[in-house]
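Q: Need a 3D model of the following:
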Amino acid sequence: DDRWDLVAAQDLALAPVGAALSSEPYVSHYLAHRAVDLPEVGRVVATRQTMACAPALPLVVHAIAEGAVAHLTDAIDLYGRSARLDGRAAALGDPVWTGRTTQDELAMAVLLSAPRALDRPATWHVVGVVRRDLPGDLDEAAQVVLDRLGTAQQTAQAPAAVPTATVQAGAVPTTTA
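A: Sure thing, here's the model as predicted:
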């Protein structure tokens, strides 16, 4: 089968540099995640820092413009406990992701794209939209990603400021900005 999918993972710490350098687990522990399905882009993950930046509420929303079908929110869910022994990310070998949202100490926004045929080069647009302070419900806050992406028709035209990953069968993925 010549169908491939893309896994986009971002280690997270939404905090001032000093707080992040003093205790990475601390700033990761106080992140609240919400997975939201949006008609235009599929699954997105909205993440907010709830402690280190009070009273501000920084937010990041991750999406794959061509659509995501599943998510994870912690590095342990992606790598599994055995990764230290065998060096493999357990979720990459799992054909079905549970899509569970966890609030553990290794915060990571992970999205899985829908499979695509690679009979020719394919491009995915992985987007992280950051807002310094965005209070309100996380479901509603996830809509900020659409402000950055525009309509579903515009996303296919690769916005210039959005990093892209181009993958060809048998090739190493490359990233451009």
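Q: All the helices of this protein, residue numbers only.
A: Ranges of helices in the chain, per DSSP state H, are 17-22, 24-29, 75-79, 83-86, 138-141, 144-149, 152-155.
Q: can you pull the contacts of residue 76?
A: By Cβ atoms under 8 Å, 6 or more residues apart in numbering, the residues touching residue 76 are 102, 104, 106. In short, each C-beta sits where N, CA and C put it, glycine included.
Q: The second one contacts residue 72, doesn't it?
A: Read that as residue 104. No. Using Cβ atoms under 8 Å, residue 104 is not in contact with residue 72, being 10.8 Å away.
Q: Highest neighbour count among the contacts of residue 76?
A: Ranked by neighbour count (other Cβ atoms under 10 Å), the contacts of residue 76 have residue 106 at the top, with 18 neighbours.
Q: Run through the chain and note the low-pLDDT ranges.
A: Along the chain, the parts satisfying pLDDT under 70 run over 1, 52, 145-177.
Q: Please, where are all the strands along it?
A: Remark: strands assigned in the chain by DSSP state E are 3-4, 7-11, 31-38, 42-49, 59-64, 68-74, 107-113, 116-117, 122-131, 164-167, 174-176.
Q: Contacts for the third one, please.
A: Where contact means Cβ under 8 Å, 6+ apart, the residues beyond strand 31-38 that reach it are 12, 14, 43-50, 63, 71, 73, 99, 101-103, 107, 109, 138-139, 141-143, 145-146.
Q: Can I have the buried ones of the residues you listed as a ChimeraX selection?
A: The ChimeraX command for the buried members of these (criterion: 16 or more other Cβ atoms under 10 Å) is given here:
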select :12,14,43,44,45,46,47,48,49,63,71,73,107,109,138,141,142,145,146
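Q: how about TSV for the contacts of residue 76, with distance to residue 4 added?
A: What follows is these, written out as TSV (distance: Cβ to Cβ, whole Å):
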residue	distance to residue 4
102	27
104	29
106	26
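Q: Which residue is the nearest non-sequential neighbour of residue 122?
A: Closest residue to residue 122 apart from its sequence neighbours, by Cβ to Cβ, 6 or more residues apart in numbering: residue 116 at 5.3 Å.
Q: quick one: that neighbour and residue 64 touch, right?
A: No. Under the criterion of Cβ under 8 Å, residue 116 makes no contact with residue 64, lying 10.9 Å away.
Q: who has more neighbours, those two?
A: Higher neighbour count among residue 116 and residue 64: residue 64, with 25 against 17, using other Cβ under 10 Å.
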